[in-house]
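>>> curious how this folds, go ahead:
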Amino acid sequence: MQMAYIGLAVAAFLFILSLLAAPSLLRPTPEAARILEVVHSNRPDQRRVGGKEQVHEGILAAAKALRARLGMSENTRLKERLFNAGLREKGFYDIFFAIQCGLPLLFAFAASFIGGENGLFWIFTGLVLGYIAPDFWLTWKANKRKRAIRRSMPDAMDLLVICVDAGLGLDQALLRVGQELELSHKEINEEFTQVHLEQRAGKMRLEAWQALAARTKIDEFAAFVSMLVQSDRFGTPIVRSLSRFSEELRQKRRQHAEEQAAKTKIKIIFPLVLFIFPCIFIVLLAPAILAISHGIGGMTPN
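Numbers count the residues shown, from 1 in each chain. Here you go, the predicted model:
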């Protein structure tokens with residue numbers, strides 16, 4: 001019975017390891033992905049698919065079949081969170097679902113080696129940690145991406161003002177700014193490219209910007225969309241509105257830096273009390289305590 005349990009655990013570990021390694025090892029090359037995008041059509045596909053693509057598609061199909069067997073429909077909220085984290089490639093939803101199902105088994109398998117009287121407790125803890133770890137990672141990645149976009153907003157607005165003032169339209173200026181910031185601010189380039197693709201697909205400009213604000217959940221983008229709506233409604237020159245909005249972003253960033261600098265006076269109290277003051281007391285009082293102890297020891301009769 002014990003050998004069967006060990007064999008089942010090893011098989012589960014190898015299956016989970018293959019699921020985790022498949023997206024990076026079996027991903028098609030950029031050249032193959034570009035060729036597939038160019039030759040994509042609605043006609044029946046007659047091309048020969050390579051072994052890597054077949055295995056990759058097979059793993060994704062297995063994840064979809066597992067989700068269907070469990071009777072779980074696609075979670076719209078999870079898809080939105082994946083988009084917020086920048087994970088928009090095909091199959092990320094099924095990969096994340098497979099990780100959520102396989103990681104608890106992996107953690108439980110690792111916790112089973114702890115043994116002892118509390119073996120069941122550690123196995124249960126591994127299951128819980130394995131289930132919530134992907135959710136925490138996804139939240140951390142989305143927040144990290146949001147902070148990166150927020151930091152790049154003032155630079156993007158300054159470049160947008162320069163491009164519009166030079167004579168480019170708002171859509172062309174948006175695409176140009178995204179290309180200029182591709183290396184320094186990759187996240188905002190992806191968002192601007194997404195807006196451009198949505199407009200090429202037929203979506204109105206304001207709808208595309210509203211979708212961007214809803215996707216990133218950043219107050220600056222929400223304010224920018226409101227500014228575009230007001231400029232379009234009342235006929236305000238877009239250059240003047242962009243210049244004023246860029247100045248407000250710079251001022252908000254400066255105020256945020258001043259706020260963080262003011263908070264350091266409070267934050268430094270805790271390390272000061274816990275680590276610095278005890279060392280100072282030891283340095284100042286230890287010689288006096290030693291001298292007093294020696295003096296008391298000399299006063300005692302032999």
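>>> any weak-confidence spans in the stretch 101-250 of the chain?
By pLDDT under 70, the low-scoring segments of the stretch 101-250 of the chain are 115-116.
>>> now do the strands in it.
With strands called from DSSP state E, counting those that start in this stretch, the stretch 101-250 of the chain shows none.
>>> only the buried residues of stretch 225-244, if you could.
By 16 or more other C-beta atoms under 10 Å, the buried positions in stretch 225-244 come out as 225, 227, 228, 231, 238, 241, 242, 243. Glycine gets a C-beta too; all of them are placed from N, C-alpha and C.
>>> put together TSV for these, with distance to residue 80 on each row.
TSV is the format used below for the buried residues of stretch 225-244 (distance: C-beta to C-beta, whole Å):
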residue	distance to residue 80
225	18
227	25
228	23
231	28
238	30
241	29
242	29
243	33
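>>> and these, which is closest to residue 252?
When those are ranked by distance to residue 252 (C-beta to C-beta), residue 227 comes first, at 13.9 Å.
>>> hang on, that closest one packs against residue 241?
Yes: with contact defined as C-beta atoms under 8 Å, residue 227 counts as touching residue 241 (5.4 Å).
>>> please flag which of the buried residues of stretch 225-244 sit within helices.
For the buried residues of stretch 225-244, the ones inside helices are 225, 227, 228, 231, 238, 241, 242, 243, with DSSP state H as the criterion.
>>> report the separation between the first one and residue 171.
This points to residue 225. 15 Å (C-beta to C-beta, to the nearest Å).
>>> got it, and the third one?
With distances defined as C-beta to C-beta, the gap from residue 228 to residue 171 amounts to 12 Å.
>>> now for those two: what residues contact both?
By the contact definition C-beta atoms under 8 Å, 6 or more residues apart in numbering, residue 228 and residue 171 are jointly contacted by residue 205.
>>> burial count for residue 183?
Using other C-beta atoms under 10 Å, residue 183 has 8 other residues around it.
>>> check what pLDDT residue 299 gets.
Here the pLDDT value assigned to residue 299 is 64.
>>> need the longest helix for this protein.
Of all segments of type helix in the chain, defined using DSSP H, the longest is helix 119-165.
>>> per-domain residue ranges of this structure.
Segmentation of the chain into domains, based on automatic domain parsing, reads 2-29+49-144, 146-265.
>>> contacts only, for the closest residue to residue 103 other than its chain neighbours.
The shortest distance from residue 103 to any non-neighbouring residue, by C-beta to C-beta, 6 or more residues apart in numbering, is to residue 130 (4.1 Å). By C-beta under 8 Å, 6+ apart, the contact list for residue 130 reads 103, 104, 105, 106, 107, 108.
>>> any idea how far the residue nearest to the last one when sequence neighbours are not counted is from residue 111?
Translated: residue 108. Once flanking residues are discounted, residue 108 sits nearest to residue 126: 4.3 Å by C-beta to C-beta, 6+ apart. Residue 126 sits at a distance of 3 Å from residue 111 (criterion: C-beta to C-beta).
>>> do the same with residue 168
58 Å.
>>> between these two, which is the more surrounded one?
Higher neighbour count among residue 168 and residue 111: residue 111, with 20 against 16, using other C-beta under 10 Å.
>>> check contacts around the more buried one.
Taking C-beta under 8 Å, 6+ apart as the criterion, residue 111 is in contact with 122, 123, 125, 126.
>>> the first one - how many residues pack around it?
So the one you mean is residue 122. The local packing of residue 122 (other C-beta under 10 Å) involves 18 other residues.
>>> got it, and the second one?
Look at residue 123: counted by other C-beta under 10 Å, it has 17 neighbours.
>>> go on, the one 4 residues further on?
Using other C-beta under 10 Å, the number of residues around residue 127 comes to 16.
>>> and the gap between it and residue 156?
Between residue 127 and residue 156 the computed distance is 44 Å (C-beta to C-beta).
>>> then residue 132?
Distance, residue 132 to residue 156, using C-beta to C-beta: 35 Å.
>>> try residue 176
Computed as C-beta to C-beta, the residue 176 to residue 156 distance reads 11 Å.
>>> give the contact list for the closest residue to residue 192 other than its chain neighbours.
Using C-beta to C-beta, 6+ apart and skipping residues adjacent in sequence, the residue nearest residue 192 is residue 178, 3.6 Å away. By C-beta under 8 Å, 6+ apart, the contact set of residue 178 is 188, 189, 192, 193, 196.
>>> could you pull up the residues touching the residue most central in space within the chain?
Centroid check for the chain by C-alpha atoms, centre = their mean gives residue 141 as the closest residue, at 1.6 Å. Counting by C-beta under 8 Å, 6+ apart, residue 141 touches 85, 86, 87.
>>> now residue 85
For residue 85, the contact set (C-beta under 8 Å, 6+ apart) comprises 138, 141, 142, 145.
>>> pretty sure the third one is touching residue 78, no?
This means residue 142. No: using C-beta under 8 Å, residue 142 makes no contact with residue 78, being 11.6 Å away.
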